[in-house]
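**Q** Fold the following, please.
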Amino acid sequence: MNTSRKTALTMGVLFSIGTVAGILSVLVSQPIFGASDYLSQIAGNQNELILEALLVLIMGLALALVTIVFYPVAKRYSETLAIGYVVFRGAIETVIYIALVISWLVLIPLSQEYVGAGAADATMLQTLGELVQATGDALSQASS
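**A** Numbering: from 1, shown residues only. This is a model prediction of the structure:
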């Protein structure tokens, strides 16, 4: 099998893994983040949120590896553009996915506090949860 074909096959597999992991993460997160009282949902479904975070990391890793696999092909045409592609598409996007996952995982202890809090504290925790979720939404849009 020639090198170009092997590269294309590897990139296709990585894109497929990234796409499947991304779709599964949305399916797992929809019942949690789609609920009006998502902090209570997170407190009761921590494993689902952790699974979603893992799926997003798998997606991010697969899509970051695409840039590394494609680098030798792009380098033949322009080394500067190839390095730019790896840095901007691979490294920065990976950092965004990691920050997104961290923002979701912060919601787990926050949701535990929310469930055990009184009415005054619950309002503050709800606001804090909305801020963390807005941060995650902004990171999601930045990676698109």
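**Q** Show me which residues of the worst-scoring helix or strand of the chain on mean pLDDT are buried.
**A** The least trusted helix or strand in the chain, going by mean pLDDT, DSSP states H and E, turns out to be helix 119-143, with a mean of 72. Neighbour counts over helix 119-143 (16 or more other CB atoms under 10 Å) mark 122, 125-126, 128-129, 132-133, 135-136, 139, 143 as buried. (C-beta placed from N, C-alpha, C; glycine too.)
**Q** any idea which of these is the one closest to residue 13?
**A** Nearest to residue 13 among the buried residues of helix 119-143 is residue 143, at 20.7 Å by CB to CB.
**Q** Run through the neighbouring helices and strands of the one helix or strand residue 114 maps to.
**A** Using DSSP states H and E, residue 114 sits within helix 92-116. Applying 3 or more CB pairs under 8 Å, 6 or more residues apart in numbering; DSSP states H and E, one finds that helix 92-116 makes contact with helix 38-44, helix 46-75, helix 119-143.
**Q** same thing but 10 Å
**A** Packing contacts for helix 92-116, counted by 3 or more CB pairs under 10 Å, 6 or more residues apart in numbering; DSSP states H and E, involve helix 3-33, helix 38-44, helix 46-75, helix 119-143.
**Q** circling back: which residues make contact with the least confident helix or strand of the chain from outside it?
**A** Outside helix 119-143, the residues that touch it by CB atoms under 10 Å, 6 or more residues apart in numbering are 33, 37-40, 42, 56, 59-60, 63, 92-107, 110-117.
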